[in-house]
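Chemist: need a 3D model of the following:
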Amino acid sequence: MKVIVVFALISLAAANVEYYTTADDNLNMEEVVAEIERLQRYVDCFLDRAPCSERTASYKKIIPESLMTKCEKCNDAQKHLAHGFLRGLKAALPEEYISFRLKYDPEDKYFDDFEKAVDGCHQPKTQRMDNAPLGAYRDDSRISKMKWIIVLSALTVLARAKDLYSTENDDLDIDGLVKDVGSLKAFLGCFNDIGTCNAEAADFKKDMAEAVAQACEKCTEAQKHIFKVFLEAIKEKDPEGYKIFQQKYDPQNKYIAALQTAIASY
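Modeler: As a prediction, this is how the structure comes out:
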């Protein structure tokens, strides 16, 4: 009797799953991936490059959540569509496949599990359409996982490089500057809004608040060295100015310690 009750509860829970609603669960994805231009229109919608049709918009809105939950709320038809789209995209437009992964899973936490979750919901190969290119349905194993990891890692590094602050003044002679108390205080006055800024000081100032809050995450190695030497110098030679700096950029004392740790070795 207990077993029957358990199975009944499981069946009731399954029946109460709230599946996603899309404009067309019965889309023939095999036809879409067989036509590169049509496939590209889907990609452009998903990557925010172009307007979406009602159908593609309905798919796009469920991508983030379905990816993080391994398509938990997807019905079988939706899993089949996801599998067909990703397999076709990887084969026909591999660079766009990488762009898709980077947009929706930049930390590479969910995508592999998502692909495994939808992998069992594809049509048998005997149902491949005659006019579809054979390459579009080649098994995913032909591209090793290691190769994709290498490519994704390289693109992540490139994306990271693009996010770094401008290197225009990385050659600043900070050691020479801090020896001249007048120049040091002029820089500090700029940062603290109590003096004018020359071009170099203004360049550093524009990123100062973010650099402090993010522990110099986007700083180059040269900038971390500059920041370290500058902070050590003002703390020693102008403690009152240092307090004003800290009050301006870290009034709740939440970031300075982490910043100093991040730049300590530079």
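Chemist: secondary structure element holding the closest residue to M29 other than its chain neighbours?
Modeler: Computed as CB to CB, 6 or more residues apart in numbering, the closest residue to M29 that is not its neighbour in sequence is G84, at 3.5 Å. (Glycine included, C-beta is placed from N, CA and C.) Using DSSP states H and E, G84 maps to helix 76-92.
Chemist: re earlier: the residue nearest to M29 reaches E31, doesn't it?
Modeler: No - using CB atoms under 8 Å, G84 makes no contact with E31, being 9.8 Å away.
Chemist: and those two? Which one has more around it.
Modeler: Higher neighbour count among G84 and E31: G84, with 23 against 14, using other CB atoms under 10 Å.
Chemist: how much space separates that one from E115?
Modeler: Per CB to CB, to the nearest Å, G84 is found 12 Å from E115.
Chemist: please apply the same query to A257.
Modeler: 41 Å.
Chemist: who has more neighbours, the two?
Modeler: Neighbour tally, A257 and E115, criterion other CB under 10 Å: the higher count belongs to E115, 19 against 11.
Chemist: got a pLDDT number for the more buried one?
Modeler: We have a pLDDT of 93 for E115.
Chemist: now swap in S153 and tell me
Modeler: 63.
Chemist: same question, M68
Modeler: 95.
Chemist: contact partners for it?
Modeler: Each residue near M68 by CB atoms under 8 Å, 6 or more residues apart in numbering is listed here: Y110.
Chemist: and it, how far is that from D105?
Modeler: Distance from M68 to D105, by CB to CB: 8 Å.
Chemist: which strands and helices sit next to the helix or strand harbouring E95?
Modeler: Secondary-structure assignment from DSSP H and E places E95 in helix 94-104. Contact partners of helix 94-104 among helices and strands, from 3 or more CB pairs under 8 Å, 6 or more residues apart in numbering; DSSP states H and E: helix 36-46, helix 63-68, helix 76-92, helix 145-163.
Chemist: those: lowest mean pLDDT?
Modeler: What stands lowest among those, in mean pLDDT terms, is helix 145-163, with a mean of 60.
Chemist: next SSE downstream of that helix?
Modeler: helix 174-179.
Chemist: sort out which residues of that next one are buried, please.
Modeler: By neighbour count on 16 or more other CB atoms under 10 Å, the buried set for helix 174-179 is 174, 177-178.
Chemist: output the below-cut-off pLDDT ranges for the stretch 101-250 of the chain.
Modeler: By pLDDT under 70, the low-scoring segments of the stretch 101-250 of the chain are 121-162.
Chemist: can you map out the helices along it?
Modeler: With DSSP state H, counting those that start in this stretch, the ranges of helices along the stretch 101-250 of the chain come out as 111-119, 145-163, 174-179, 181-191, 199-205, 208-213, 221-237, 239-249.
Chemist: what's the third one packed up against?
Modeler: Based on contacts counted as 3+ CB pairs under 8 Å, 6+ apart, the elements that helix 174-179 packs against are helix 181-191, helix 221-237.
Chemist: adding mean neighbour count, write those helices out as a markdown table.
Modeler: Below are these laid out as a markdown table (neighbours: other CB atoms under 10 Å):
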| stretch | mean neighbour count |
| --- | --- |
| helix 181-191 | 17 |
| helix 221-237 | 18 |
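Chemist: mind putting those helices into TSV with distance to D24?
Modeler: Below are the helices and strands packed on helix 174-179 laid out as TSV (distance: least, CB to CB, whole Å):
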stretch	distance to D24
helix 181-191	56
helix 221-237	51
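Chemist: only C-alpha atoms, please: export stretch 63-83 in PDB.
Modeler: In PDB, the C-alpha atoms belonging to stretch 63-83 read as follows (Å, rounded to 0.1, in the frame of the first residue of the first chain):
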ATOM      1  CA  ILE A  63      17.200  29.900 -22.700                       C
ATOM      2  CA  PRO A  64      18.800  31.300 -19.500                       C
ATOM      3  CA  GLU A  65      16.600  29.400 -17.100                       C
ATOM      4  CA  SER A  66      16.400  26.200 -19.100                       C
ATOM      5  CA  LEU A  67      20.200  26.200 -19.300                       C
ATOM      6  CA  MET A  68      20.700  26.500 -15.600                       C
ATOM      7  CA  THR A  69      18.100  23.900 -14.700                       C
ATOM      8  CA  LYS A  70      19.100  21.300 -17.400                       C
ATOM      9  CA  CYS A  71      15.900  21.900 -19.200                       C
ATOM     10  CA  GLU A  72      13.800  20.800 -16.200                       C
ATOM     11  CA  LYS A  73      10.700  22.500 -17.500                       C
ATOM     12  CA  CYS A  74      11.100  21.500 -21.100                       C
ATOM     13  CA  ASN A  75       8.800  19.000 -22.700                       C
ATOM     14  CA  ASP A  76      10.200  16.300 -24.900                       C
ATOM     15  CA  ALA A  77       9.500  18.400 -28.100                       C
ATOM     16  CA  GLN A  78      11.400  21.400 -26.600                       C
ATOM     17  CA  LYS A  79      14.300  19.100 -25.600                       C
ATOM     18  CA  HIS A  80      14.400  17.800 -29.200                       C
ATOM     19  CA  LEU A  81      14.500  21.300 -30.600                       C
ATOM     20  CA  ALA A  82      17.300  22.300 -28.200                       C
ATOM     21  CA  HIS A  83      19.300  19.300 -29.100                       C
END
